[in-house]
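> Model the following, please.
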Amino acid sequence: MALGRPIRKYREARDGIDLEDWIYGQAPGKITFVTFQGLKVVKVKEQYAGLGSETAPTRIIVP
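Residues are numbered from 1 along each chain as shown. Below is the predicted model of the structure:
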């Protein structure tokens, strides 16, 4: 409830256990996955997606 309404919900059965993932956020940026088993939260996972990669600036070596 503290995060508000999820952008998406996804249900599946894993090893005979019904789970539901609530997904908050979207790329680019932070995405939070909250996994429920019944009414109980069993896992929270955060990751950053679509931010690209940064490289160090090119260095010129002068002899």
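
> And the strands in this protein?
Secondary structure of the chain, counting by DSSP state E: strands at 8-14, 17-24, 29-37, 40-49.

> could you redo these as JSON lines and give each row mean pLDDT and mean neighbour count?
The C-beta positions use only the backbone N, C-alpha and C, and glycine is treated the same way. Below are the strands of the chain laid out as JSON lines (pLDDT from 0 to 100; neighbours: other C-beta atoms under 10 Å):
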{"stretch": "strand 8-14", "mean pLDDT": "93", "mean neighbour count": "10"}
{"stretch": "strand 17-24", "mean pLDDT": "95", "mean neighbour count": "14"}
{"stretch": "strand 29-37", "mean pLDDT": "91", "mean neighbour count": "15"}
{"stretch": "strand 40-49", "mean pLDDT": "90", "mean neighbour count": "10"}
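
> what would those look like in TSV with distance to residue 2?
Listed next are the strands of the chain as TSV, based on distance: least, C-beta to C-beta, whole Å:
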stretch	distance to residue 2
strand 8-14	17
strand 17-24	10
strand 29-37	10
strand 40-49	11
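
> ok, now which ones touch the residue nearest to the spatial centre of the chain?
Centroid-nearest residue in the chain, with C-alpha atoms, centre = their mean: residue 31, separated by 3.4 Å. Going by C-beta atoms under 8 Å, 6 or more residues apart in numbering, residue 31 touches 23-25, 46-49.
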